[in-house]
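coords below, sequence missing:
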Ligand SMILES: CC(=O)CC(=O)C(=O)O
């Protein structure tokens with residue numbers, strides 16, 4: 001048994017709907033601007049040739065239902081509702097269809113974003129980490145096995161803040177579908193069990209403040225819920 005100079009962090013994991021066993025998270029990859037209307041609202045061109053990515057560390061994960069203190073360093077925290085795809089095995093690069101066979105489950109997710117820090121980074125052509133990868137920035141609902149949900153098609157994806165609808169779209173409006181994203185990403189990484197892909201957000205992203213209650217839904221999946229508390 002190895003010895004460490006301090007106690008290593010616990011394995012980060014999320015619930016599986018209706019199962020005692022949990023899904024251990026290894027890495028989180030996020031697809032940027034994967035819905036045309038969202039790319040437009042961000043003032044960006046859509047790249048139909050290939051997706052682009054940013055990452056969040058596993059330690060950014062919190063579970064649906066959590067109260068998140070308003071994060072430090074920002075005055076413009078935004079919600080981004082997304083479909084999460086959780087891998088259960090290595091991705092076969094031969095075709096999008098075979099890549100999809102490695103998906104263990106799907107879930108609702110929030111990609112919380114410090115928009116002011118992301119905007120500053122964009123301006124200076126710097127990486128987005130401060131805007132995207134912080135504690136509590138990846139909110140995950142319980143995952144549903146791929147054998148019990150899917151395929152990704154015309155399911156609706158919505159996000160309401162205090163009961164007001166802010167984001168509303170259909171999953172088939174993604175520019176790069178799940179299989180194509182997995183195929184593309186696997187050209188750059190050895191994807192495997194524990195890797196989670198957030199597949200991009202539809203239009204309607206916006207600011208949230210302390211006291212707000214967020215509920216994100218995708219047809220057939222458990223909702224993702226988040227309450228924002230005052231900054232601690
Ligand atoms: C502009 C963004 O914040 C990228 C992103 O997270 C998305 O499109 O989804």
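Received, thanks. Keep in mind it's a predicted model, so treat the numbers as computed, not measured.

got any ranges where the chain has weak pLDDT?
Applying pLDDT under 70 to the chain picks out no residues at all.

and the helices in it, which stretches?
36-41, 96-100, 115-123, 129-132, 178-185 (DSSP state H).

tell me what the strand of greatest length in the chain is packed against?
When the chain is parsed with DSSP state E, its longest strand is strand 103-111. Identification of packing neighbours for strand 103-111 by 3 or more Cβ pairs under 8 Å, 6 or more residues apart in numbering; DSSP states H and E yields strand 81-87, strand 138-140, strand 144-145, strand 213-218, strand 224-229. Yep, even glycine has a C-beta here, placed from its N, CA and C like the rest.

contact partners for the residue nearest the centre of the chain?
Centroid-nearest residue in the chain, with Cα atoms, centre = their mean: residue 198, separated by 3.3 Å. Going by Cβ atoms under 8 Å, 6 or more residues apart in numbering, residue 198 touches 28-31, 56, 82-84, 109, 111, 138.

can you rerun that using 10 Å?
28-32, 34, 53-56, 80-85, 107, 109-111, 138, 140 (Cβ atoms under 10 Å, 6 or more residues apart in numbering).

try residue 28
12, 54-61, 84, 86, 109, 111, 132-133, 137-138, 140, 194-198.

does it have beta-bridge partners, and which?
residue 56, residue 196 (DSSP bridges).

redo the helices of the chain as CSV? Include distance to residue 153 and mean neighbour count.
Listed next are these as CSV, based on distance: least, Cβ to Cβ, whole Å; neighbours: other Cβ atoms under 10 Å:
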stretch, distance to residue 153, mean neighbour count
helix 36-41, 18, 16
helix 96-100, 13, 17
helix 115-123, 30, 16
helix 129-132, 28, 20
helix 178-185, 11, 21
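
now those helices as a markdown table including distance to residue 210?
Formatted as a markdown table, the helices of the chain follow (distance: least, Cβ to Cβ, whole Å):
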| stretch | distance to residue 210 |
| --- | --- |
| helix 36-41 | 24 |
| helix 96-100 | 40 |
| helix 115-123 | 16 |
| helix 129-132 | 19 |
| helix 178-185 | 34 |
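
nearest to residue 168, of these?
helix 36-41 (10.4 Å; Cβ to Cβ).
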